[in-house]
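J.: kindly return the folded structure for what I paste below:
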Amino acid sequence: MEEIKKVRISIPSWWAVIYIAISLFMIPWTVFLGFHLPSKHITRNWDITWVGLDAFLIVSLLVTGILAKMNSIYMVLSAIITGTLFMTDAWFDVLGYKVGSFGFSEAMLTAFFGELPMAFMSYGLAIHALRRLYAEKEVKTESSG
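T.: Purely as a prediction, here's the structure:
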């Protein structure tokens, strides 16, 4: 376990800035949802469900950004979690509305132009970091051998 803590990844610093900025942008959006979503939909606590998911997303984005800034290998796990949360958000947004309704159209737009690109960007960040880590390991192995 101590060896893993010593592993550092090397990724462009703008990744960290993007994740931290998006987490900060989501705070007012989540507050807005908390005040404007109906508290009862087909299920109880509809508003709390969505605000809770967005709160998890904010924390996950922020943690991913901070870990990226620290060049921590744990950023890979955090990026995968962030991507999965965005996929979940898109899934529930789209399936939460009747096809053809205004809410459905809005959910499709946010899914295809917001949540899904962020999910794929998060997965891409994790893959990018692992590839760079592997490449650095290969260079060290070749130079020492």
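J.: sketch out the low-pLDDT regions of the chain for me.
T.: 1-7, 40-41, 139-140, 145 (pLDDT under 70).
J.: quick one, longest helix in it?
T.: In the chain, taking DSSP state H as the definition, the longest helix is helix 116-144.
J.: list of residues touching the helix or strand that contains Phe86?
T.: Using DSSP states H and E, Phe86 sits within helix 74-95. For helix 74-95, the surrounding residues in contact (CB atoms under 8 Å, 6 or more residues apart in numbering) are 9, 11, 19, 53-54, 56-57, 60-61, 63-64, 67-68, 104, 107-108, 110-111, 115-116, 118-123, 125-126, 129-130. All C-beta atoms are positioned from the backbone trio N, CA, C, and that covers glycine.
J.: check contacts around Val17.
T.: Taking CB under 8 Å, 6+ apart, one finds Gly65 in contact with Val17.
J.: if you set the cut-off to 6 Å instead, what comes out?
T.: With contacts taken as CB atoms under 6 Å, 6 or more residues apart in numbering, Val17 has no neighbouring residues.
J.: and Thr64, how many neighbours does it have?
T.: Using other CB atoms under 10 Å, Thr64 is surrounded by 30 other residues.
J.: how far away is it from Ala21?
T.: Taking CB to CB, to the nearest Å as the measure, Thr64 falls 12 Å from Ala21.
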